[in-house]
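> Requesting a structural model of the entry that follows:
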Amino acid sequence: MARTPSNMIPLHSKAPDFSLLEPVTGNERTLKELKSDTATVLMFICNHCPFVKHVQEQLVKLANDYIPKGISFIAISSNNVENYPDDSPEKMKEDAERFGYPFPYLYDETQEVAKAYEAACTPDFYIYDGELKCVYRGQLDDSRPENGKPVTGEDIRRALDQILNGESVDEKQKPSIGCNIKWKA
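Sure, this is the predicted structure:
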């Protein structure tokens, strides 16, 4: 397992726009259409990564807890599917349905979206405010597949609660750690 940290882009960076395929529906989805006026959680994930598998159930719980509060969630897979066929759109659809993803799971075939966001690993998390400015980037929580700590989503939950309470998000943030995005040659 390669351990790659988030790039930790500058806070207040504007979210790059995108239009990507949603394998579950077969439709193109855009950031403009999917974003929330309150906050949008953007997650770079994939199917095969042990770090993502470790947090999958919490991602669903987190989204189910905060979508009713006006928070939008978007997942994107950007891995090279030629070398990692488990991350193909067909397999993405299977995972989304099996885990009951309450959020769109989009396919970044060209990897241009991952590059625009400077995503480095899976999972990699970003939270954007209603104006699509980055207020959080980093880890879900301190849990990792091998460390025995429970998966709680604590760091993301704290940031979302601060947004919902009209507070500034604490700028002390830890990078996510995961498998590197599988880039094309």
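
> tell me the secondary structure for I67?
What DSSP: H, G, I helix; E, B strand; the rest coil gives for I67 is helix.

> doesn't I76 make contact with L31?
No: with contacts counted by Cβ atoms under 8 Å, L31 stays clear of I76, the gap being 10.2 Å. Glycine gets a C-beta too; all of them are placed from N, C-alpha and C.

> okay, these two: which has more neighbours?
I76 (23 against 20; other Cβ atoms under 10 Å).

> how far is stretch 38-47 from where the chain is centred?
With Cα atoms, centre = their mean, to the nearest Å as the basis, stretch 38-47 stands 3 Å off its chain's centre.

> Also stretch 153-173?
Mean-position distance between stretch 153-173 and its chain equals 16 Å (Cα atoms, centre = their mean).

> ok, and what's touching that stretch?
8, 11, 38-39, 41, 55, 58-59, 61-62, 65-66, 69-71, 125, 127, 129, 135-142, 174 (Cβ atoms under 8 Å, 6 or more residues apart in numbering).

> Same check on stretch 30-39?
With Cβ under 8 Å, 6+ apart, stretch 30-39 has contacts from 15-19, 40, 69-72, 74, 104, 127-130, 132, 135, 160, 163-164.

> next one: stretch 74-86
Contacts of stretch 74-86 (Cβ under 8 Å, 6+ apart): 20, 31, 34, 40-48, 59, 87-89, 91-92, 101, 103-109, 111, 113-114, 119, 122, 181-184.

> how about 6 Å then?
34, 42-48, 87-88, 92, 103-108, 111, 114, 181-182, 184 (Cβ atoms under 6 Å, 6 or more residues apart in numbering).

> taking those one by one, which sit in strands?
42-44, 105-107 (DSSP state E).

> would you turn those into TSV with pLDDT and distance to G26?
Shown next, in TSV, are the ones in strands among the contacts of stretch 74-86 (pLDDT from 0 to 100; distance: Cβ to Cβ, whole Å):
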residue	pLDDT	distance to G26
L42	98	21
M43	98	21
F44	98	21
Y105	98	13
L106	98	12
Y107	98	11
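
> Any quick PyMOL command for the buried ones out of the contacts of stretch 153-173?
In PyMOL, selecting the buried portion of these, with burial taken from 16 or more other Cβ atoms under 10 Å, looks like this:
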select buried, resi 39+41+55+58+59+62+66+71+125+127+129+135+136+137+138+139+140+141
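
> what about the nearest residue to S13 once chain neighbours are set aside, neighbour count?
Spatial nearest neighbour of S13, chain neighbours left out: C134 (4.6 Å); criterion: Cβ to Cβ, 6 or more residues apart in numbering. Using other Cβ under 10 Å, C134 has 19 other residues around it.
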